[in-house]
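Asker: Provided below are the primary sequence and the corresponding predicted coordinates.
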Amino acid sequence: MSGTVDPTVLNLVVFVLAVFVGYHVIWNVTPALHTPLMSVTNAISSVVMVGAILAAGPNDPDFGSILGVIAVGLAAVNVAGGFLVTQRMLEMFKKKQPKAKGGK
Amino acid sequence: MMAPAMSANQITLLYLVASICFILALKGLSSPTSARRGNAFGIAGMAIAVLTTLAVIAKGRIDWVLLAMVIGGTIGAFVARRVQMTQMPELVAAMHSLVGMAAVLIAIAAVNNPSSFGVPDPLPTGNKLELFIGTFVGAITFSGSVIAFGKLAGLGKQFRLFSSAPVVFPGQHMVNLLLALVMIGFGAAFFLAADKAWGAFAIMAAIAFVLGVLIIIPIGGADMPVVISMLNSYSGWAAAGIGFSLNNSLLIVAGSLVGSSGAILSYIMCKAMNRSFISVILGGFGAAEGTAAAGAGDKTVRSGSAEDAAFMMANAESVIIVPGYGLAVARAQHAVAEMTEKLIAKGVNVRYAIHPVAGRMPGHMNVLLAEAEVPYEEVFEMDDINGEFGTTDVVLVLGANDVVNPLAYEKGSAIYGMPVLDVHKARTVLVNKRSMASGYAGLDNPLFYMDKTMMVFGDAKKVVEEIVKAID
């Protein structure tokens, strides 16, 4: 036993644990909310924006940083769109409760 | 300036906080009451992730980045506000394509200048392999989602590849397989090369874009719920792949969560349609749409008017409404909600029964009903309500067909084994359809010829509006 753990192995550890957590969390999502689940996961996967920002970062702009800026823009559409449309849908699921009680 | 003060360890810990926020966002969706708090966690997680990363590049070209964020964010916010709930599947498909494209662009940037990501330059072979995976999954997600978007938006008339009917040609699967192998070959050439093998990388990415198109075109309209879920999953795996190559744990966690979410949804959709994932992917299903209904000529159906239907429902003790995609197409959800209110006011017990594949994406029908302000307490999933049909007076089927077909219980029928709503067990069944054409499965439906069934032909919205008028 010697040396440090390869970053790829650490990545694999994180990956496997995250899939495991994802599996258990997702099965608990109520089927009624599967559409909001898709829109919010869309927003969450746009966290690739982190990578895009790093790509766009260097001070002397080159071909790669231009692509990074474009990727930031694309991911930003998703982040804003994904979270806001999820919010909009979830508001619809909320409104009814007081109304239903009032109607009965 | 924050940048010099923040170490790699601090950044990683902040990414950990963001990852936990994302998990809590998904956990919140376990019930409608906690879901909005979940979404707030999601937004918080994203804010932490983005702000942390901005601090990392604080001395670089942050102005460009902010400009791109503002432009993209404005477009996203505008679309999110404007989109119709019936168009959700198209929106989601479009958003998947953006994630895919962003992943590909980042991968190219990483090949070009690994040091801006804090990854050694030249890239280690392991990172290159992951970059290859992230790129081709991203590329397939992009072009596949574009095709899915076209199919869902009904652009088949403008462009044949967008046709909702499966686009098939001889030797399709062989071509796909061959292309996939060639793509992997170039991928191997890329990650085994000592320097930046741009040529191999470009050809590999180009083939992946073509493959994305070829994989989705043979899949028919009926299978779209599976396709969207599958692309949802791919977009997550693409993000995770990029995370691997950049050694970024946040991207790996977020990508894996999304990837497993999409995979589980695909599984649920396949199960609800009694189709194996492989057969959906291979495609060609739904080619015989509407052809098998011819054999129905000698059987008689009983048809009635909207007034008859209104009378039956108003005098029933219990009514279950089964909405299908026809209801969404006719945009009848608001009329249905109004009808329900009137019936409840008359003391009728009204509930909704939702089949998992009602609509064009998982949970679509629930959102449409929620939009029409139907309280979610009145809406039941198939497994929760299937036992109740036997004691129900009237069932109203609106624009659904295959999901209420009792042939699913008959051995040898094409849909044998598919889980269906047991509508045929109710005392009276009212079915609204535009015509006697068969459903996606191309099957006749014996439910329509039963003595207790009354057909009410016409556009769902018009019929329901007439029923509303007739209930007094």
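Answerer: That came in fine, so what should we check first?
Asker: now the helix or strand harbouring residue B:137: average pLDDT?
Answerer: If you go by DSSP states H and E, residue B:137 is part of helix B:125-152. Mean pLDDT, computed over helix B:125-152, is 91.
Asker: in that helix, what counts as buried?
Answerer: By neighbour count with 16 or more other Cβ atoms under 10 Å in any protein chain shown, helix B:125-152 contains the buried residues B:126-152. (Each C-beta comes from the backbone N, C-alpha and C, glycine too.)
Asker: which among those residues are in contact with chain A?
Answerer: B:126-127, B:130 (Cβ under 8 Å from any Cβ of the partner chain).
Asker: now, among those residues, which is nearest to chain A?
Answerer: residue B:126 (4.7 Å; Cβ to the nearest Cβ).
Asker: what is the neighbour count of the nearest residue to the closest one once chain neighbours are set aside?
Answerer: Of all residues not flanking residue B:126 in the chain, residue A:8 sits nearest, at 4.7 Å (Cβ to Cβ, 6 or more residues apart in numbering or on different chains). Neighbour count for residue A:8, taken as other Cβ atoms under 10 Å in any protein chain shown: 16.
Asker: low-confidence ranges in chain A?
Answerer: A:1-2, A:95-104 (pLDDT under 70).
Asker: so which residues of it form strands?
Answerer: For chain A, no strands are identified by DSSP state E.
Asker: ok, the residue most central in space within it to residue A:38 distance?
Answerer: Nearest to the mean C-alpha position of chain A, by Cα atoms, centre = their mean, lies residue A:44 at 0.5 Å. Look at residue A:44 and residue A:38: by Cβ to Cβ, to the nearest Å, they are 11 Å apart.
Asker: before we move on, what about residue B:178?
Answerer: 32 Å.
Asker: quick one: which of the two has more around it?
Answerer: residue A:38 (30 against 11).
Asker: hmm, residue B:100 is touching residue B:136, no?
Answerer: No - under the criterion of Cβ atoms under 8 Å, residue B:100 makes no contact with residue B:136, lying 10.3 Å away.
Asker: rewinding a little: helices or strands up against the helix holding residue B:137?
Answerer: Packing partners of helix B:125-152 (3 or more Cβ pairs under 8 Å, 6 or more residues apart in numbering or on different chains; DSSP states H and E): helix A:7-27, helix B:88-112, helix B:172-192, helix B:198-216, helix B:224-245.
Asker: make sure residue B:412 is indeed in a helix.
Answerer: No - with DSSP: H, G, I helix; E, B strand; the rest coil as the criterion, residue B:412 is located in coil rather than a helix.
Asker: what is the burial count for it?
Answerer: 6.
Asker: that one and residue B:104: what is the separation?
Answerer: Taking Cβ to Cβ, one finds residue B:412 at 47 Å from residue B:104.
Asker: just residue B:112 next, same as before
Answerer: 13 Å.
Asker: same question for residue B:148.
Answerer: For residue B:148, the distance to residue B:104 - Cβ to Cβ - is 17 Å.
Asker: which elements pack onto the longest helix seen in chain A?
Answerer: Longest helix in chain A, counting residues (DSSP state H): helix A:63-103. Helices and strands touching helix A:63-103, by 3+ Cβ pairs under 8 Å, 6+ apart, are helix A:34-45, helix A:49-56, helix B:32-56, helix B:62-82, helix B:88-112, helix B:364-371.
Asker: find the nearest non-adjacent residue to residue B:385, please.
Answerer: residue B:353 is the one closest to residue B:385 (Cβ to Cβ, 6+ apart), at 4.6 Å.
Asker: could you look up the SS state of the one you found?
Answerer: Under three-state DSSP, residue B:353 comes out as strand.
Asker: doesn't residue B:324 make contact with it?
Answerer: No - the criterion here is Cβ under 8 Å, and residue B:353 misses it with residue B:324 at 10.6 Å.
Asker: how about low-confidence regions in the stretch 201-350 of chain B?
Answerer: The stretch 201-350 of chain B contains residues with pLDDT under 70 at B:283-298.
Asker: if we use 80, what do you get?
Answerer: B:220-222, B:278-300, B:325-326, B:328-329 (pLDDT under 80).
Asker: ranges for the helices of it?
Answerer: Counting by DSSP state H, counting those that start in this stretch, one finds helices in the stretch 201-350 of chain B at the ranges B:224-245, B:249-273, B:277-282, B:306-314, B:325-329, B:333-345.
Asker: thinking again about what came up before, so which of residue B:112 and residue B:104 has more stuff around it?
Answerer: residue B:104 (26 against 18).
Asker: who's in contact with the more buried one?
Answerer: B:135, B:138-139, B:142, B:205 (Cβ atoms under 8 Å, 6 or more residues apart in numbering or on different chains).
Asker: and which of the residues you listed is nearest to residue B:395?
Answerer: residue B:142 (43.0 Å; Cβ to Cβ).
Asker: contacting residues around the residue of the stretch 301-450 of chain B found nearest chain A?
Answerer: Ranked by Cβ to the nearest Cβ, the top residue of the stretch 301-450 of chain B for proximity to chain A is residue B:363, at 3.0 Å. Shown in contact with residue B:363 (Cβ under 8 Å, 6+ apart): A:31-38.
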